[in-house]
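Visitor: how would this look folded up:
(one chain, ligands or ions: 1)
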Amino acid sequence: MKIAIDGPASSGKSSIAKLLSKKLNFEYIDTGALYRAITYIIYKKHINIQDEKLITDIIKSSKFEFIDNKLYLNNKSIDVEIRKNIISQRVSEVAAQPFIRKLLNNVIRNISNHLKNIIIDGRDIGTVVLPNADLKIYLDASPKIRAYRRYLELIDKNESVILEKLEEEIIERDFIDTNREVDPLKKADDAIIIVTDDLNIRQVVDKIYDLLNNDL
Ligand code: DC
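Guide: Got it, this is the predicted structure:
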């Protein structure tokens with residue numbers, strides 16, 4: 001069984017997908033982590049985002065693995081680095097590059113082809129990566145709520161952030177993600193929308209669990 005979860009930044013996708021994957025004993029693939037990993041490499045190595053040849057070589061020669069829901073790049077965990085706000089600020093621009101999307105979709109397909117039961121989250125999973133998913137969920141929440149959740153997350157990691165600025169950044173990321181030319185963030189026609197403003201993570205997980213048990 002394949003479950004696709006899409007939605008804008010900080011709508012709760014990864015927390016919900018992680019919990020649900022534990023509850024169902026499914027594998028979980030966080031595609032945003034892959035876009036973050038490429039962004040991390042590009043900025044760490046000061047690579048020009050237009051340098052298609054170099055970025056292609058790097059992606060093709062790298063090993064991406066999810067172990068215990070954490071992304072490993074060439075056997076090294078980079079989970080902490082890719083969650084930093086500096087990466088969040090830059091990742092939408094990287095994810096808007098068509099050649100990078102094409103390469104990462106191959107990486108995602110290579111990982112998911114070997115797995116029977118999976119939950120994949122991202123922006124284009126129900127529309128592009130898994131158009132035949134058994135269940136498609138589109139999570140949404142207002143920018144204010146999403147910024148506040150992100151604020152709590154970053155404060156918890158001792159990052160110094162300003163709530164109002166986070167909200168502006170979230171609105172900007174939404175704009176780039178929904179308006180890019182290739183595979184924009186979009187609800188699939190057959191996806192079920194869950195608005196999470198007034199729901200906690202556990203409630204959303206239960207809702208999806210019920211949908212699986214009742215409807216499929
Ligand atoms: O879910 P996230 O915040 O970790 O995603 C990081 C960025 O990657 C986000 O700005 C959109 C992009 N992304 C994408 O374009 N397609 C995906 N399938 C997953 C993420």
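Visitor: so which bits of the chain are right by the ligand?
Guide: Neighbours of the ligand within the chain, by C-beta under 6 Å from any ligand atom: 9, 13, 31-32, 35-36, 91-92, 95, 122-125, 173, 177. C-betas here are computed from N, CA, C, even on glycine.
Visitor: just the buried ones among these, please.
Guide: 9, 13, 31-32, 35-36, 91-92, 95, 122-125, 173, 177 (16 or more other C-beta atoms under 10 Å).
Visitor: closest to L73 among those residues?
Guide: Nearest to L73 among these: R36, at 10.4 Å, using C-beta to C-beta.
Visitor: ok, the closest one - contacts?
Guide: Residues counted as contacts of R36 (C-beta atoms under 8 Å, 6 or more residues apart in numbering) are 82-83, 87-88, 91.
Visitor: does the residue nearest in space to the middle of the chain sit in a helix, a strand or a coil?
Guide: When C-alpha atoms, centre = their mean is applied to the chain, the residue found nearest the centroid is G32 (2.9 Å). Following DSSP: H, G, I helix; E, B strand; the rest coil, we place G32 in the helix state.
Visitor: give the contact list for the nearest residue in space to it that is not next to it in sequence.
Guide: Nearest residue to G32, sequence neighbours excluded (C-beta to C-beta, 6 or more residues apart in numbering): G122, at 5.9 Å. Neighbour list for G122: 5-6, 13, 30-32, 129 [criterion: C-beta under 8 Å, 6+ apart].
Visitor: and the residues you listed as a markdown table, adding pLDDT and distance to L199?
Guide: Listed next are the contacts of G122 as a markdown table, based on pLDDT from 0 to 100; distance: C-beta to C-beta, whole Å:
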| residue | pLDDT | distance to L199 |
| --- | --- | --- |
| I5 | 97 | 14 |
| D6 | 97 | 17 |
| K13 | 93 | 13 |
| D30 | 96 | 21 |
| T31 | 97 | 23 |
| G32 | 95 | 21 |
| V129 | 94 | 25 |
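Visitor: list just the nearest of those residues to N117.
Guide: Using C-beta to C-beta, these come closest to N117 at I5, 14.2 Å.
Visitor: show me what the closest one is bridged to.
Guide: Beta-bridge pairing of I5 under DSSP bridges involves D121, I137.
Visitor: could you check how far it is from the ligand?
Guide: 10 Å (C-beta to the nearest ligand atom, to the nearest Å).
Visitor: swap in R149?
Guide: Distance, R149 to the ligand, using C-beta to the nearest ligand atom: 12 Å.
Visitor: and for D134?
Guide: Shown here: D134 relative to the ligand, a distance of 18 Å by C-beta to the nearest ligand atom.
Visitor: flag the shaky bits of this structure, pLDDT-wise.
Guide: In the predicted model of the chain, residues 215-216 satisfy pLDDT under 70.
Visitor: all helices of it, in order?
Guide: With helices called from DSSP state H, the chain shows them at 13-24, 31-44, 52-61, 79-82, 85-95, 98-113, 143-156, 163-179, 201-215.
Visitor: what is the fourth one packed up against?
Guide: Using 3 or more C-beta pairs under 8 Å, 6 or more residues apart in numbering; DSSP states H and E as the contact criterion, the elements in contact with helix 79-82 are helix 31-44, strand 70-73.
Visitor: swap the cut-off to 6 Å and go again
Guide: Helix 79-82 sits against helix 31-44, with contacts defined as 3 or more C-beta pairs under 6 Å, 6 or more residues apart in numbering; DSSP states H and E.
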